[in-house]
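1. Predicted coordinates and the sequence they were generated for:
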Amino acid sequence: SRLAGGTQIDLRSILNDVLELYEPLAQERQIRLVFDAPEPGVCRGDSDLLFQLFANLLDNALKYTPEQGEIAVRLRAQPAESGGESASTGLLVIVADSGPGIPVDERKNVFRRFYRVEDSRTEQPGNGLGLSLVQAIVHYHYGEIELGSNNPGLQVRIRLP
């Protein structure tokens, strides 16, 4: 692994811990948390940073999901695209909410520090550091992050090697 000091961790158990942390807040706001991880996802990494990464994403999702909404967290193993001898499986984590989403033309900006989407998300307090921190942690783990639409809502897709 290229990750200095990275240890083997079970991503499913980290995601489970994050969901447990936010469950009371979700219940209070009548938001359903759905966790769909049929198998453990083992990867190398820093468990504290990965916990922080998914805590930020869940925190964001809870901020923007209306009462009675739903947030789904899915974990899947993914075959690596390369097909070479280093073709180990990667992991895909999807965090999908039923909030207002982020307009396509705003998506590239949300990773900038202190950037906040103007219209749909301004009622919510925040310093705009969430997604730039998330992106930094993903890149530290040699992963990729992309934002998509959940129709309605935002879908954040994170691939980790």
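-> Received the coordinates, thanks.
2. so what does the one helix or strand L19 maps to touch, helix or strand wise?
-> Taking DSSP states H and E as the definition, L19 sits inside helix 11-28. Counting contacts by 3 or more Cβ pairs under 8 Å, 6 or more residues apart in numbering; DSSP states H and E, helix 11-28 is packed against strand 32-36, helix 47-64, strand 70-79, strand 89-97. Backbone N, C-alpha and C define where each C-beta goes, glycine included.
3. The same query, at a cut-off of 6 Å, please.
-> Contacts defined by 3 or more Cβ pairs under 6 Å, 6 or more residues apart in numbering; DSSP states H and E place helix 11-28 against strand 32-36, helix 47-64.
4. What is the longest one packed up against?
-> Which is helix 47-64. Helix 47-64 packs on helix 11-28, strand 89-97, helix 130-140, going by 3+ Cβ pairs under 6 Å, 6+ apart.
5. And the helix or strand just after the last one, what's buried?
-> When you say that, I think you mean helix 130-140. Next helix or strand after helix 130-140 toward the C-terminus (DSSP H and E): strand 144-149. Across strand 144-149, burial judged by 16 or more other Cβ atoms under 10 Å covers 145, 147-148.
6. can you redo these as CSV with pLDDT and distance to V73?
-> Below are the buried residues of strand 144-149 laid out as CSV (pLDDT from 0 to 100; distance: Cβ to Cβ, whole Å):
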residue, pLDDT, distance to V73
I145, 94, 15
L147, 92, 15
G148, 92, 15
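7. and the residues you listed as a markdown table, adding distance to V110?
-> Shown next, in a markdown table, are the buried residues of strand 144-149 (distance: Cβ to Cβ, whole Å):
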| residue | distance to V110 |
| --- | --- |
| I145 | 11 |
| L147 | 7 |
| G148 | 13 |
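8. Which of the residues you listed sits closest to A61?
-> L147 (12.1 Å; Cβ to Cβ).
9. If the closest residue to E146 other than its chain neighbours is in a bridge, with which residues?
-> Leaving aside its chain neighbours, E146 sits nearest to R157 (5.0 Å; criterion: Cβ to Cβ, 6 or more residues apart in numbering). Note on R157: beta-bridge partners by DSSP bridges are I94, E146.
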